[in-house]
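> heads up, no residue letters with this:
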C-alpha cells in the first residue's frame, strides 16, 4: 500500500497516511478540523528485495553482481531476439 503525504492549507499541518490506491483522498485536517487537506506530490520510496535484483548503476568493478548470492557473479539473462552483440 502506498504512503501518501498531505498538508493542510489552513494550519500547515503535514501528515503521512498509508492508503489503498482506490481510497478517496483525505480532506479533513486532524489538527484544526477544517476540510483543507491537499495531497502532496513526492518521490516514491520502494525497496527491492529477493534474489533477482542486480547492482549495476554507477558501480565500478565491471558487470552485474547478484546481491543475493554471496559474492559470486551471476550471468545476465540470455538474449532470445538476436538483437544484442552476444547473439550476433
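Now that the structure is in, tell me what you want to look at. The model shown is predicted, which means the values in this text are computed figures rather than measured ones. Residues are numbered from 1 along each chain as shown.

> Remind me which helix or strand residue 10 belongs to.
Using DSSP states H and E, residue 10 is not contained in any helix or strand.

> so it touches residue 34, yeah?
Yes. Counting by CB atoms under 8 Å, residue 34 is a contact partner of residue 10 at 4.5 Å. Bear in mind the C-beta positions are built from the backbone N, C-alpha and C, glycine included.

> State the distance from residue 2 to residue 17.
Going from residue 2 to residue 17 by CB to CB, to the nearest Å gives 10 Å.

> These two: which is more packed in?
residue 17 (16 against 12; other CB atoms under 10 Å).

> Tell me who's in contact with the more buried one.
The contact partners of residue 17, taken as CB atoms under 8 Å, 6 or more residues apart in numbering, are 3, 4, 6, 26.

> try 6 Å this time
Counting by CB atoms under 6 Å, 6 or more residues apart in numbering, residue 17 touches residue 4.
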